[in-house]
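Q: Predicted model follows, preceded by the sequence.
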Amino acid sequence: MHLSMHNWMRAEPIDVTIRRLAKYGYKSIEISGEPEVFNSKDVLRLLKENGLRCWGSVTLMLGDRGLPQKDEGKRASSVQYVKDVVTMVKEMEGYEVTIVPGTVGKIVADATPEEEWKWAVEGMKEIYEHSEREGVVLAVEPINRFETYFVSRGAQAYALAEATGPNCGVCLDSFHLNIEEEDPYQTIIDCADRLVDFHIADTNRMPAGYGHWDWAKLIGVLRQVGYDGALTAEFVAPVDRTPANKYPDAIETEPVDISPEQKKFIEEHGSSLLSQRFYDWLVEENAKTILPLIQEPKRVVKERPVW
């Protein structure tokens, strides 16, 4: 296993993100699903210059994006969007694309379960054909019921992956597991043969070590099932606007170049625009918790006695 991280949680130039990750011992990035924003050649060059790789990407299912959308045109544009993300990952020499199938923030359905499942499977199969040609693995990610009504548990993600194709995988996220699963560890075991990506945030969505996950046990279970991929940080720090605030430097006070849609996406995840100083600290603290648990112990070689 190795330590990785998303970059959608803070709007900043990608070179700033990459240098920070290299500084704190991260080995890869799971880049925001924004093919229109990133120049694949430039990002790949920056990654190689800093000793990192692109692990993959995550779809940003904002606005009208969503595979079970009732409107046929919206479904078609959503499929094309995910295919474009797959192509971006291939160009960055990445491994996988994590797909959140439903629209993030949409918690009320507008069609029957049978119709939505049919549309989601059809969309996934079309994306799968493209990903197989491009040599990129897909991973269906369940997210909690307060962010989507469609696919919130590991068993649901597994069923969609199984309906998609033999090489379609599952991505699990420790934050969502903590909310939705009766036994998070058993869910990891049940999804083991399709587990291709794993996102990490603590139970309060802070960096690892700032909630009540038993990280040694969690990583031990991942080892037990043979998972050897990325542990991709996806913490979303809450912002405290009361006198009880422990982090007074958390909120960004300088102008930030960010689209209204992405700003809304971050705010709907219970966060805000964060300062660089605070964000640096979050990234470092996450690494301090995880790296000692995944680094291979050094072998002690005893010297032969001299007689």
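A: Nice, thanks for sending it over. Numbering: from 1, shown residues only.

Q: If you count contacts, what does the longest helix anywhere in the chain end up packed against?
A: With residue count as the measure and DSSP state H as the assignment, the chain has helix 113-134 as its longest helix. With contacts defined as 3 or more C-beta pairs under 8 Å, 6 or more residues apart in numbering; DSSP states H and E, the packing partners of helix 113-134 are helix 72-91, strand 96-99, strand 137-140, helix 154-164. In short, each C-beta sits where N, CA and C put it, glycine included.

Q: Just name the most buried of these.
A: Of the helices and strands packed on helix 113-134, the one with the most neighbours on average (mean count of other C-beta atoms under 10 Å) is strand 96-99, at a mean of 28.

Q: any idea where the strands of the chain begin and end?
A: 2-6, 28-32, 53-58, 96-99, 137-140, 169-173, 195-200, 230-233 (DSSP state E).

Q: Mind putting the ones you listed into TSV with mean pLDDT?
A: Shown next, in TSV, are those (pLDDT from 0 to 100):
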stretch	mean pLDDT
strand 2-6	97
strand 28-32	97
strand 53-58	98
strand 96-99	98
strand 137-140	98
strand 169-173	98
strand 195-200	98
strand 230-233	98
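
Q: The ones you listed into TSV, with extra columns for distance to residue 146?
A: As requested, those are arranged in TSV below (distance: least, C-beta to C-beta, whole Å):
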stretch	distance to residue 146
strand 2-6	19
strand 28-32	22
strand 53-58	18
strand 96-99	19
strand 137-140	19
strand 169-173	14
strand 195-200	17
strand 230-233	21
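
Q: Residue 286: what's it in contact with?
A: The neighbourhood of residue 286, defined by C-beta atoms under 8 Å, 6 or more residues apart in numbering, consists of 3, 5, 200, 207-209, 233, 235.

Q: Just among those, which is most surrounded?
A: residue 5 (28 neighbours; other C-beta atoms under 10 Å).

Q: Ignoring the adjacent residues along the chain, who's closest to it?
A: The spatial neighbour of residue 5 that comes closest, neighbours along the chain excluded (C-beta to C-beta, 6 or more residues apart in numbering), is residue 233 at 4.2 Å.

Q: right, and the one you found touches residue 8 too?
A: No. Distance between residue 233 and residue 8: 11.5 Å, which falls outside the contact criterion (C-beta atoms under 8 Å).

Q: Name the residue closest to the centre of the chain, please.
A: Here the mean C-alpha position of the chain is nearest to the C-alpha of residue 199 (C-alpha atoms, centre = their mean), at a distance of 5.0 Å.
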